[in-house]
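Chemist: Just a sequence and a predicted model for now, questions to come.
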Amino acid sequence: QVQLVESGGGLVQPGGSLRLSCAASGRMFRSANMGWFRQVPGKDREFVAATTWSGDASYYVDYVKGRFTISRDSARNTVSLQMNSLKPEDTAVYYCTVQGASIFTMSKTGGYWGQGTQVTVSS
């Protein structure tokens, strides 16, 4: 079993920044990739970004490219999401996930998931 705990969410004004962190514990497998999804009420969970176990490759959904950066600390089993230039439409619950899938094909239902952290972008 793998346990994931997210932190760092909160309220921020448009144009501001937040950094989300996810700490993983338990039995991790070396090929596990880590990623972030987000979900707003009434909509499906959607992919945001993912990184490989080693952190040497990453993948982003188009509408966060250039604004969000995902990073991995394999020694500490953590993954972070630096979010800059935030927009009201980025408001959502953000979830961390660990999956054996490729960073390009992560599933919104597979693998292990954290409990989520709320990000609200509003003036």
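Modeler: Perfect, I can see it now.

Chemist: Could you tell me which ranges of the protein sit under the pLDDT cut-off?
Modeler: Applying pLDDT under 70 to the chain picks out residues 28-31.

Chemist: The same query, at a cut-off of 80, please.
Modeler: Applying pLDDT under 80 to the chain flags residues 27-31, 74-76.

Chemist: mind listing the strands for it?
Modeler: 2-7, 10-12, 18-26, 33-39, 46-51, 58-60, 68-73, 78-83, 92-99, 112-113, 117-121 (DSSP state E).

Chemist: Span of stretch 91-107 from start to end?
Modeler: 21 Å (Cα to Cα, to the nearest Å).

Chemist: show me what contacts the closest residue in space to residue 34 that isn't next to it in sequence?
Modeler: Spatial nearest neighbour of residue 34, excluding adjacent residues (Cβ to Cβ, 6 or more residues apart in numbering): residue 79 at 4.1 Å. The way it works is simple: take the backbone N, C-alpha and C, and place the C-beta from them, glycine included. For residue 79, the contacting residues are 21, 22, 24, 34, 35, 36, 51, 70, 71, 72, 73, 96, by Cβ atoms under 8 Å, 6 or more residues apart in numbering.
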